[in-house]
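Q: Have a look; sequence and predicted model below, questions after that.
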Amino acid sequence: MKPKAAALIAFCFSLSMLAVGAVTPADEYALTPGQINDLAQQASAGDRNATLRLVQFYLLYDPDLAKAIHWQRVAAKQGNAVQMVNLASSLSIAGGKTNCLEAEQWLLQAKSAKRSHVAARATRELELLRSAESKCAHWLSQRATSNYSFKPNPLRGSA
């Protein structure tokens, strides 16, 4: 069989497997219960890669916003500026006073990221969060009267 024909057959087979649901792009993020437990222990001990793997699992494979927010918060506290921005986005989606105020604080912290594209994204997200169209606009406008105090960990490293 010619190489082009073999490649075409392999491509068609992979498309047919996608069509019947045997393989999806999200399958790349699949974890067994044992892997989840192991990664949770590693993430809690400070392993950044384990933390990101759990974020991906709960956002992309087994969507659970509460668990995704938990692991995004862990990653943000580990100093990951990208996850600070992502956490702020998730918190604003979840809505509510505490989430909106926390989202704003994470974005303010992420604006000082060493990577200019992350700092720029944090700046854009902060503008959106504060805009009148945002679910958080009401809560953020009331923050002056709030006794809510949020103190994130200092930004570390090159996240």
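A: Now that the structure is in, tell me what you want to look at. Numbering: from 1, shown residues only.
Q: going forward, measure contacts and count neighbours with C-alpha atoms only.
A: Fine.
Q: Buried residues in the helix or strand Ser89 falls within, which are they?
A: Take DSSP states H and E as the rule and Ser89 turns out to sit in helix 81-94. Buried positions in helix 81-94, judged by neighbour count with 16 or more other C-alpha atoms under 10 Å: 81-93.
Q: With stretch 57-75 instead?
A: 57-62, 65, 67-75.
Q: Repeat that for stretch 95-112.
A: 95, 97-112.
Q: cool, stretch 43-53 as well?
A: Buried residues in stretch 43-53, counting neighbours by 16+ other C-alpha under 10 Å, are found at 43, 48, 50-53.
Q: Out of the residues you listed, which comes closest to Val118?
A: Closest approach between the buried residues of stretch 43-53 and Val118, by C-alpha to C-alpha: Leu52, at 16.6 Å.
Q: Excluding chain neighbours, give the residue nearest to the closest one in space.
A: Once flanking residues are discounted, Leu52 sits nearest to Ala75: 7.0 Å by C-alpha to C-alpha, 6 or more residues apart in numbering.
Q: what's the distance between the residue nearest to Lys135 when sequence neighbours are not counted and Glu104?
A: Leaving aside its sequence neighbours, Lys135 sits nearest to Gly95 (C-alpha to C-alpha, 6+ apart; 6.4 Å). Distance of Gly95 to Glu104, computed by C-alpha to C-alpha, to the nearest Å: 12 Å.
Q: for His138, same thing?
A: His138 sits 13 Å away from Glu104, going by C-alpha to C-alpha.
Q: any shared contact partners between these two?
A: Common neighbours of His138 and Glu104 are not found (criterion: C-alpha atoms under 8 Å, 6 or more residues apart in numbering).
Q: What is the three-state secondary structure of Val55?
A: helix (DSSP: H, G, I helix; E, B strand; the rest coil).
Q: Below-threshold pLDDT in this structure: ranges please.
A: By pLDDT under 70, the weakly predicted segments of the chain are 1-23, 144-159.
Q: So which other helices or strands are in contact with the helix or strand Leu128 falls within?
A: Leu128 belongs to helix 116-130 when assigned by DSSP H and E. Using 3 or more C-alpha pairs under 8 Å, 6 or more residues apart in numbering; DSSP states H and E, the elements in contact with helix 116-130 are helix 81-94, helix 97-110, helix 137-141.
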